[in-house]
Every structure is written in C-alpha cells, then in structure tokens.
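>>> Dropping a prediction and its sequence here:
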Amino acid sequence: MALILRVTYTLQVRYTPFFQTLGLDAKFYDQWAHEIAMGQSDEGAFFMSPLYSYFLAAIYQLFGRNPLLVRMIQAALGSASAVLAYVIGRDVFDRKTGVLAGLLTACYGALIFYDGSILMTPLLVFLSLLALAAIVRADDTGRPIYYVAGGLALGLAAIGRAAALVPAAAAVLW
C-alpha cells in the first residue's frame, strides 16, 4: 500500500511546475550530485551535509540524471520505512501496534509528499528507522551484527543531518 500511494502521488504530480522546477535545496543537491557524478566536485568544506548529494550521484552514475527515477527510488525507500515502522512496533510492543505503525507511516501525507521531492528527508527517515530497528533487534538477540548495523545506519544519518547524533547518544545509554 505504501508503494502504491507513493508511486500514484509521484505520477500525478510529474507534469506540474512543482515537479518540473526544483526548489532551492533540491536544485543545490541536484547540481552538486551532478558534479560528483561527473567527477567535478570540489573537495573543500561542505556547505550542506553531503550524504544526499552522494546518494543522488550514485543514482546519476548508474541510471543517468532522471528526476522521476530518483523519486521512484525514494518511493521505494518510503515504502521500506513503513515496513521498518511495522517491525519496530511489532518488536517493541505487539503485532497490532506494528500494523498500526506501518499503516500510519504508509499513509502519512507529509512522508508521501517528501518521498516525491528531491530532498534528503526520505533517506533520513529510512536510515533512522533502520537504525532503530537494528538496535531493537540487537537488544532482543544480543547479536553484534545488529549493533554494527544500527551504528552504521546512525552514522550515515548523522552525515545527512548532525541532529541524528542525539538518538545515537540515547542508543548508547540504552
């Protein structure tokens, strides 16, 4: 359901000026990603967090500079976020709570909107939920691989937005 909602939204807005014209941040990320993909990126200090631009650059190198494809990949990430919300709710509480968390994440309008935008939000939501799911699983199983996965996901999220380090401190205390 999450994927259907996101793909439907993206296809409905693809001929609107909102879709065709990138806003300030989106334009910056797109241009920076294009430069990275072409090997022309300046290796100086970062004005904005580099994670999303490198994410876009990887897509551009693999598939070309295609805003519709980026949005479809983000729709898949948003759908995976709904699954992760389900898993977290199920593992922390019960199956019913997991289903509710997954449905709310799948249907939440702001997330659908951002998944259809050229912005960092879908990637950060996914990484944050992935980190939390891994940490919950590590707490349940005690397997080190889940601690490593949670730490990697939080580290990547911190490259995208430094505020992700706040939950990292809470995770260490947990």
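Great, that's in hand.

>>> tell me which element the closest residue in space to Ser128 that isn't next to it in sequence falls in.
Distances taken as Cβ to Cβ, 6 or more residues apart in numbering place Ala157 nearest to Ser128, at 5.4 Å, with adjacent residues excluded. Any C-beta I mention is one placed from the backbone N, CA and C, and that applies to glycine too. If you go by DSSP states H and E, Ala157 is part of helix 144-160.

>>> Just give me the residue right at the centre of the chain.
With distances taken as Cα atoms, centre = their mean, the residue of the chain nearest its centroid is Leu123 (1.5 Å).

>>> Tell me if I'm right that that one and Tyr54 touch.
No: using Cβ atoms under 8 Å, Leu123 is not in contact with Tyr54; the gap is 10.3 Å.

>>> Now for Val87: which residues touch it?
Applying Cβ atoms under 8 Å, 6 or more residues apart in numbering, we find Val87 in contact with Gly98, Ala133.

>>> What separation is there between it and Ala101?
9 Å (Cβ to Cβ, to the nearest Å).

>>> ok, now Phe46?
Counting by Cβ to Cβ, the gap from Phe46 to Ala101 is 34 Å.

>>> of those two, who's got more company?
Ala101 (21 against 12; other Cβ atoms under 10 Å).

>>> element containing that one, please.
helix 95-107.

>>> Going by neighbour count, list what's buried in the helix or strand just after that helix.
Going down the chain from helix 95-107, the next helix or strand is helix 109-115, by DSSP H and E. Neighbour counts over helix 109-115 (16 or more other Cβ atoms under 10 Å) mark Leu111, Ile112, Tyr114, Asp115 as buried.

>>> Identify the residues contacting the next helix or strand after helix 109-115?
Remark: after helix 109-115, the chain's next helix or strand is helix 121-141, criterion DSSP H and E. For helix 121-141, contacts defined as Cβ under 8 Å, 6+ apart pick out 51-52, 55, 74, 77-78, 80-81, 84-85, 87-88, 91-92, 111, 114-115, 143-144, 146-147, 149-151, 153-154, 156-157, 160-161, 164, 167, 171, 174.
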